[in-house]
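Colleague: Here's a sequence, model it:
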Amino acid sequence: MPSLPVCVDASVVVAIVTPEEQHALAVALWQSWLREERVILAPRLFTYEVTSALRRKTVRGMLTLEEARNALRAALDLKISLLDPAGLSERAFELAERLHRPAAYDAHYLALADHLRCAFWTGDERLYNAVRDHFPRIRWLGEYHVTE
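Modeller: Below is the predicted model:
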C-alpha cells in the first residue's frame, strides 16, 4: 500500500540544505519520508520561496554567495513534486481570510495539503502556532522526534 503524500514548505527544505538550528531534524524527517517512500509535494510557488529565503540569508551574511548557490541547487534537486491544481489560489485566498493570515503564500501550502488530505510540514513556528488549532493537518518541524 503506498504511503500518504506529505506537503512541505520552503522552510523545511532550507533547513535541509543550510546549516541552521533545525538542520538535523529536517534531514532526519526527510530521510524518514524517503524510507517510507512518501511522495513529497509542494505548490509551484515553493521554488520562488526557497530562492528568496536563500537570497535573504546571503544578504544577511548568513551564507556566502557560493554557499547559497549550492544550497539552491541542492534544494531544487530534491524530489519534490510541484502541483498547481485548479482552484488552489482561490482556496488559499479563502484559507488566508479564515485563518486571519495577512498574506496568502503560506495558505497555498495549507490549501494543497487540505486538497490532498495530507500532512503539511513547516519549519515556521509562528505559522504553526497561528493556525494549528484551526488546521489540524499542520505539523511543525520542531516537534518532530527522531525514532532511530
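Colleague: quick one: low-confidence parts of this structure?
Modeller: 1-2, 148 (pLDDT under 70).
Colleague: Could you pull out the strands in it for me?
Modeller: 6-8, 40-43, 81-83, 119-122, 138-140 (DSSP state E).
Colleague: Put together TSV for those, with mean neighbour count on each row.
Modeller: C-beta here means a position set from N, CA and C on the backbone, and glycine is covered the same way. Output for the strands of the chain, formatted as TSV (neighbours: other C-beta atoms under 10 Å):
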stretch	mean neighbour count
strand 6-8	27
strand 40-43	22
strand 81-83	12
strand 119-122	23
strand 138-140	21
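Colleague: Tell me which of those strands lies nearest to Arg60.
Modeller: Evaluated over these, closeness to Arg60 peaks at strand 119-122, with 20.6 Å, by C-beta to C-beta.
Colleague: What's the end-to-end length of stretch 114-128?
Modeller: 15 Å (C-alpha to C-alpha, to the nearest Å).
Colleague: Over to stretch 111-121?
Modeller: Span of stretch 111-121 from end to end, C-alpha to C-alpha: 13 Å.
Colleague: How far does it sit from its chain's centre?
Modeller: Averaging C-alpha positions (C-alpha atoms, centre = their mean, to the nearest Å) puts stretch 111-121 11 Å from its chain's average.
Colleague: burial count for the spatially closest residue to Leu4 that is not a sequence neighbour?
Modeller: Spatially, and ignoring its direct neighbours in sequence, Leu4 is nearest to Cys118 (5.4 Å; C-beta to C-beta, 6 or more residues apart in numbering). Cys118 has 18 neighbours, counted by other C-beta atoms under 10 Å.
Colleague: For Cys118, which phi and psi angles does the backbone take?
Modeller: Backbone dihedrals for Cys118, given as degrees, to the nearest 10, come out at phi -130, psi 170.
Colleague: and it, what does it touch?
Modeller: Listed by C-beta atoms under 8 Å, 6 or more residues apart in numbering, the contact partners of Cys118 are Leu4, Pro5, Val6, Cys7, Leu41, Arg137.
Colleague: What is the most widely separated pair among the residues you listed?
Modeller: Top of the distance list for those (C-beta to C-beta): Leu41 and Arg137, 12.6 Å.
Colleague: related to what we said a few turns ago, which among the strands of the chain is found nearest to Leu29?
Modeller: Nearest of those (C-beta to C-beta): strand 119-122, 7.0 Å.
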